[in-house]
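S.K.: Structure of the sequence below:
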Amino acid sequence: MTFRSILCPVDFSSHSRAALQHAVATAHRFNGRVTAMFVNDPLLLIAAGRSSAGQRQFVEQTRVELAQFVRRSIAAVPPIQNDIEFVVTTGNPADEILRVAKRVRSDLIVIGTQGLSGFQKWFFGSTTEQVLRRVTIPVLAIPPSKRTRQKRTRPMVIGRVIAPLDLAGEWQSDAIRAAGIASAFDAELVLVHVLAPIQAPPWLPSAIGATDRRRMDTARRVLERVKTKLPSRDTITSRVLEGHPAHEIARLTAGSPSLVVMSLRGGAGVWGARRGSIAYHVLTHASTPVLTLPRRRLGGRLSARLSKAATSALTERDKIEMAGIDALLSSGSRRKRRSAG
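M.R.: As a prediction, this is how the structure comes out:
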C-alpha cells in the first residue's frame with residue numbers, strides 16, 4: 001500500500017500543524033504530493049462581501065495565510081520533491097474535504113483530532129467524525145500531543161505498527177494491509193486481539209477462570225498461525241489481551257513510536273466509526289496516530305491461507321465459541337456435555 005496523493009485539511013491550529021508534519025513526512029516516504037486545504041465559513045464570506053475588501057480579496061488573503069502557515073509548520077520536516085498545492089473552499093468542512101479528496105484523487109487524508117474535553121469535542125464530533133463515516137479512502141488521524149504547541153517537531157518515526165484484529169469478523173484483509181503498512185515503514189508488526197471480560201455472577205469464579213484461560217489459549221493459537229502466513233514473519237509479534245479494547249490498545253502504544261492500523265466497518269458493527277464502537281473509542285483516546293482503513297474484503301491466495309491457518313488452529317468447540325464476538329458462551333459447553341452424556 002502506497003500513498004501518493006495526500007490531502008491535509010487545516011484550521012491554523014497547533015493540531016493541524018502536527019497533521020501537516022505527518023502528511024509531509026508520509027509524502028516524503030512514498031514520494032507523493034500534498035494538498036493543504038482550508039474551508040472558509042460561509043458566514044464569514046458573506047461578512048467579507050459586505051466590507052470594502054470584498055469576497056475575492058478575502059479568499060486570496062486566506063490562501064496567502066494558508067501558504068505561510070504550511071511553510072512555517074513543515075520547516076523541520078524533510079522536504080518533498082513535489083510542490084504543495086493550496087486549496088481554499090467555502091462550505092461544510094466534511095463535505096468540502098470529501099469533495100476535494102475526490103477531485104485531486106487523494107489516496108490518503110491526514111487530519112488532526114482535538115482532545116475530547118469541553119468545547120474541544122466539537123471538532124471530532126463534527127468534522128472528523130463525519131469524514132470517517134463517509135470516506136472511501138484511508139484516513140490518518142493525528143491526536144493532540146504535548147509537542148503540538150511547538151512549531152517544530154521531529155518528523156514522523158514509526159517503530160511499531162499495531163494491528164487490532166477482530167477474530168470473529170472479517171479480519172484477513174486487516175492483517176494483510178497492516179503487514180503492508182509495516183513493511184512500508186520498516187516497522188515491527190504487532191497483531192493484537194483483545195478479549196472482552198466475561199461478566200458472570202460471583203458464585204462462578206472457578207468456571208470463569210478456566211474459560212478465560214481457554215479463550216486466551218485459543219486466540220494465541222490463531223494469531224501464531226496467522227503470523228506464519230504473512231510476509232516478513234520475523235518482524236511480526238502477537239499479543240492477546242483481556243480488557244476494554246480501546247484502553248488495552250492505547251496501553252500498547254506507550255514506550256515506542258507507534259501507528260495503530262485498523263478498519264472501519266461502518267453500519268452497526270463493533271468496529272464502525274460511531275459513538276460507542278471500539279474504533280470510535282480508539283480514535284478518541286489514542287495518544288498515537290491511527291490509520292483507519294475502509295472496510296474491504298481481499299481475495300487471493302494469501303487471504304485464503306490466512307483463513308485456513310486460523311481454521312486449522314481451532315477445534316470444533318473453538319469454532320463455535322469464536323463465532324460470537326469474543327465471548328465463550330456457556331451454552332456451548334453445556335451442549336457438549338449433553339452430547340457426551
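
S.K.: tell me the contacts of E85?
M.R.: Contacts for E85 (CB atoms under 8 Å, 6 or more residues apart in numbering) come out as R33, V34, T35, A36, V104. Any C-beta I mention is one placed from the backbone N, CA and C, and that applies to glycine too.

S.K.: so which of the residues you listed comes closest to V161?
M.R.: The closest of the contacts of E85 to V161 turns out to be V34 (CB to CB; 21.9 Å).

S.K.: tell me which element the closest one is part of?
M.R.: V34 is located in strand 33-40, with elements delineated by DSSP states H and E.

S.K.: Go ahead and name everything in contact with that strand.
M.R.: 4-12, 20, 23-24, 27, 58-59, 62, 66, 70, 80, 82-93, 96-97, 100, 104, 106.

S.K.: So which of those belong to strands?
M.R.: S5, I6, L7, C8, P9, E85, F86, V87, V88, T89, T90 (DSSP state E).

S.K.: I'd like to know how many residues surround the closest residue to the third one other than its chain neighbours.
M.R.: In this structure, L7 finds its nearest non-sequential neighbour in S106, 4.1 Å apart by CB to CB, 6 or more residues apart in numbering. As a burial measure, the neighbour count of S106 was computed by other CB atoms under 10 Å and equals 25.

S.K.: Can you tell me which of the ones in strands among the contacts of strand 33-40 is nearest R213?
M.R.: Of all the ones in strands among the contacts of strand 33-40, I6 has the smallest distance to R213: 45.2 Å, by CB to CB.

S.K.: dump the residue contacts of the closest one.
M.R.: So I6 contacts A23, T26, A27, G32, R33, V34, T35, S106, D107, L108, I109, V110 (CB under 8 Å, 6+ apart).

S.K.: Need the residues you listed in CSV (columns: pLDDT and distance to G159).
M.R.: Shown next, in CSV, are the contacts of I6 (pLDDT from 0 to 100; distance: CB to CB, whole Å):
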residue, pLDDT, distance to G159
A23, 94, 20
T26, 92, 16
A27, 92, 20
G32, 93, 22
R33, 94, 26
V34, 96, 24
T35, 96, 28
S106, 96, 26
D107, 94, 24
L108, 96, 20
I109, 96, 24
V110, 94, 19
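
S.K.: Which one (most neighbours) among these?
M.R.: A23 (34 neighbours).

S.K.: Quick check: mean pLDDT of stretch 220-232?
M.R.: Mean per-residue pLDDT for stretch 220-232: 83.

S.K.: now do stretch 165-176
M.R.: 78.

S.K.: Then stretch 252-260?
M.R.: For stretch 252-260, mean pLDDT is 82.

S.K.: Do you have the helices of the stretch 51-200 of the chain handy? List them.
M.R.: 54-73, 93-103, 121-123, 129-134, 172-184 (DSSP state H, counting those that start in this stretch).

S.K.: picking that back up, filter the ones in strands among the contacts of strand 33-40 to the buried ones?
M.R.: For the ones in strands among the contacts of strand 33-40, a burial check counting by 16 or more other CB atoms under 10 Å picks out S5, I6, L7, C8, P9, F86, V87, V88, T89, T90.

S.K.: Let me have those residues in TSV, adding pLDDT and distance to L191 as columns.
M.R.: As requested, those are arranged in TSV below (pLDDT from 0 to 100; distance: CB to CB, whole Å):
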residue	pLDDT	distance to L191
S5	95	29
I6	96	27
L7	97	29
C8	96	29
P9	94	31
F86	95	40
V87	95	38
V88	93	42
T89	92	40
T90	90	44
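
S.K.: Make TSV out of the residues you listed and add distance to Q130.
M.R.: Compiled in TSV, these are given as follows (distance: CB to CB, whole Å):
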residue	distance to Q130
S5	21
I6	20
L7	15
C8	17
P9	12
F86	23
V87	18
V88	20
T89	15
T90	17
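
S.K.: ok, so of these, who is nearest G159?
M.R.: Nearest to G159 among these: I6, at 21.5 Å, using CB to CB.

S.K.: Just confirm T288 contacts G255, I think it does.
M.R.: No: if you go by CB atoms under 8 Å, T288 and G255 don't touch, sitting 10.8 Å apart.

S.K.: Between the two, point out the one with more neighbours.
M.R.: Neighbour count, other CB under 10 Å: between T288 and G255, T288 has more, with 20 against 9.

S.K.: what about that one, is that helix, strand or coil?
M.R.: coil (DSSP: H, G, I helix; E, B strand; the rest coil).

S.K.: Where is the longest helix in this structure?
M.R.: Determined from DSSP state H, the single longest helix within the chain is helix 205-229.

S.K.: and the angle from it to helix 172-184?
M.R.: Per axes from the mean of the first three to the mean of the last three CA atoms, to 10 degrees, the angle that helix 205-229 makes with helix 172-184 is 60 degrees.

S.K.: next structured bit after helix 205-229?
M.R.: Downstream of helix 205-229 (by DSSP H and E), the next one is strand 236-242.
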